[in-house]
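[1] Predicted structure and sequence below. I'll ask about it afterward.
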Amino acid sequence: MAKIKVAPTKSSYLLLRRQLAFAEEGYELLEQKRQILIFELMSRLGRARDAERRIADSFAAAFAALREATLEIGSDAIDRAALGVQAGYDLKLSDQGLMGIRIPRVMVKIEPPTVQFGVASTSAGTDEAMRRFQELLALLAELAELENAVMRLARELRKTQRRCNALSKMFIPDYRETIGYIMSSLEERERESFTILKMIKDRLGRAAEGSAAHG
């Protein structure tokens, strides 16, 4: 039985064949897009995990430096020093196109800190702790970019997968089944026409033979 309700005619057959070819071409393009999205998603997932590890290591090193500085000059001196630091940064957001979606880009430029406290009131450990915490900004910006990209790629991959499934499991099979049904109907109709023509020819032949015998 046909999946699509159309008259089993030659014109319907030709129309469905064109639509099927268009659907198969669309499926191939979507499948290529799906493969690219998977590659891009897995690549960024790997980079995001690497960024998470580097951030964890950097946080551990920064807090270790902060503990060392606290032991050197005390927590009160650390608090006063922190209040006297003015650290600036320049954050720029942009995006790039990939397979019809916009992938964010996060760029951060850290400016050299302006220190407002006296050198005698701090230590080398204080400067080290401040430097390490500043370095975390670039890593956090990188991770934010990667995680946002992963979410957008995953969302687009789900949409593409649903479209691929709809074409490969519903649309294309229904059209193929309907085309097969129309072909069978046309062949059956052709056989019936051939049989009828043969019967008519046989009758005409017998009639001609009878007329000749009586003549």
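    Good, I have the coordinates.
[2] what's the neighbour count on E31?
    A count of neighbours around E31, defined by other C-beta atoms under 10 Å, yields 16. In this view, the C-beta of every residue, glycine as well, is placed from N, C-alpha and C.
[3] Might you report the residue contacts of it?
    C164 (C-beta atoms under 8 Å, 6 or more residues apart in numbering).
[4] any idea of the pLDDT on it?
    Predicted confidence (pLDDT) for E31: 95.
[5] After the strand or helix carrying it, heading C-terminal, what element do we hit next?
    Secondary-structure element containing E31, defined by DSSP states H and E: helix 10-73. For helix 10-73, the succeeding helix or strand toward the C-terminus, using DSSP H and E, is helix 75-83.
[6] For this structure, name the helix or strand with the lowest mean pLDDT.
    strand 114-115 (a mean of 57; mean pLDDT, DSSP states H and E).
[7] immediately after that strand, which helix or strand?
    Following strand 114-115 in sequence order, the next helix or strand is helix 124-166 (DSSP H and E).
[8] which stretch of helix or strand covers Q96?
    Secondary structure (DSSP H and E) places Q96 in strand 89-98.
[9] and the angle from that strand to helix 124-166?
    20 degrees (axes from the mean of the first three to the mean of the last three C-alpha atoms, to 10 degrees).
[10] Flag every buried residue along the following helix or strand past strand 89-98.
    Using DSSP H and E, the helix or strand that follows strand 89-98 towards the C-terminus is strand 101-110. The neighbour-count check on strand 101-110 (16 or more other C-beta atoms under 10 Å) flags I101, I103, P104, V106, V108, I110 as buried.
[11] which non-adjacent residue is nearest the last one?
    Using C-beta to C-beta, 6 or more residues apart in numbering and skipping the chain neighbours, the partner closest in space to I110 is Y89 (5.0 Å).
[12] How about the first one?
    Excluding its sequence neighbours, the residue lying closest to I101 (C-beta to C-beta, 6+ apart) is E156, at 4.9 Å.
[13] For that neighbour, which residues are in contact?
    Counted by C-beta under 8 Å, 6+ apart, E156 has contacts L37, M99, G100, I101.
[14] Quickly note the distance from the first one to L143.
    Here the distance between L37 and L143 works out to 21 Å (C-beta to C-beta, to the nearest Å).
[15] Those two - which one has more neighbours?
    L37 (22 against 19).
[16] what's near enough to touch that one?
    So L37 contacts M99, L153, E156, L157, T160 (C-beta under 8 Å, 6+ apart).
[17] Low-confidence stretches in the protein?
    For the chain, the stretches with pLDDT under 70 are 1-2, 83-88, 112-123, 207-215.
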